[in-house]
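In: what's the 3D shape of this:
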Amino acid sequence: MSGTHLKQLCEDTYHRLKKVSMELERYLNQVTLTSLIQESGDPEDYEAYYRNYLSDLRHLFVYSENAYEKLGICLRRARFNEEFAEEALFQVYHSCVNNFYYPKGEVYDEDGRYSYTGQDAILFRKEVTPALRNLTLSLSKTFEQMREDLQYYETDYITKKRMQQAVKP
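Out: Next up, the predicted model:
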């Protein structure tokens with residue numbers, strides 16, 4: 001990958017992660033577990049579900065904020081360090097993108113078949129509040145773009161690193 005393309009990819013990813021971080025922070029600062037449960041009705045049925053959902057969102061917020069700060073450092077350096085940039089993008093893919101699509105609490109799933117029909121690919125395990133639904137679907141569009149841009153780092157980057165280590169004496 002050329003240095004110019006790599007730098008542009010870092011900039012695009014930086015701006016997307018900044019947007020994700022801002023959306024998550026705004027939502028997490030406004031919502032409480034109690035308010036989510038009250039909006040949904042059955043406390044016994046929703047308490048554990050929303051607790052897991054909020055936990056996953058907090059983790060995603062931290063991962064996204066850390067990754068966008070690391071990309072910011074990469075972009076502010078006087079001399080663009082391609083190796084540092086590739087490592088940062090690898091971490092974005094594995095910490096942010098994967099954690100969005102595979103939440104620890106398994107509060108939603110992605111069904112890729114829906115993306116071909118123009119429908120939302122996120123399938124919620126339970127009916128969620130409109131604000132939480134809108135946030136998740138909005139984030140899914142941003143993460144889908146990042147996933148497409150960064151898929152290279154899922155396999156090729158690791159292969160490249162292994163080959164470099166194999167060459168070293």
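In: hey, let's count contacts and neighbours off CA atoms from now on
Out: OK.
In: measure residue 102 to residue 27 for me?
Out: 20 Å (Cα to Cα, to the nearest Å).
In: same thing with residue 35?
Out: Counting by Cα to Cα, the gap between residue 35 and residue 27 amounts to 12 Å.
In: those two: who's more crowded?
Out: residue 27 (15 against 11; other Cα atoms under 10 Å).
In: give the buried residues for the strand or helix carrying the more buried one.
Out: Under the assignment given by DSSP states H and E, the secondary-structure element containing residue 27 is helix 3-30. By 16 or more other Cα atoms under 10 Å, the buried positions in helix 3-30 come out as 6-7, 9-11, 13-14, 16-21, 24-25.
In: how about stretch 137-144?
Out: Applying a neighbour-count criterion of 16+ other Cα under 10 Å, the buried positions in stretch 137-144 are 137, 139-140, 142-143.
In: quick one: mean pLDDT over it.
Out: Per-residue confidence for stretch 137-144 averages out to 93 on the pLDDT scale.
In: pretty sure residue 128 sits against residue 40.
Out: Yes: with contacts counted by Cα atoms under 8 Å, residue 128 reaches residue 40, the gap being 7.1 Å.
In: which helix in this protein runs the most residues?
Out: Of all the elements of type helix in the chain, the one with the most residues (DSSP state H) is helix 43-76.
In: lowest-pLDDT helix or strand in this protein?
Out: When each helix and strand of the chain is scored by mean pLDDT, DSSP states H and E, helix 112-115 comes last, with a mean of 56.
In: where does the protein have low pLDDT?
Out: For the chain, residues meeting the criterion pLDDT under 70 lie at 1-2, 112-119, 153-169.
In: what's near enough to touch the nearest residue to residue 104 once chain neighbours are set aside?
Out: Computed as Cα to Cα, 6 or more residues apart in numbering, the closest residue to residue 104 that is not its neighbour in sequence is residue 56, at 6.5 Å. Contacts here follow Cα atoms under 8 Å, 6 or more residues apart in numbering; on that basis residue 56 touches 103-105.
In: try 10 Å this time
Out: Applying Cα atoms under 10 Å, 6 or more residues apart in numbering, one finds that residue 56 lies in contact with 50, 99-100, 102-107.
In: can you pick the most crowded of the residues you listed?
Out: Across the contacts of residue 56, the neighbour count under other Cα under 10 Å reaches its highest value at residue 100, namely 24 neighbours.
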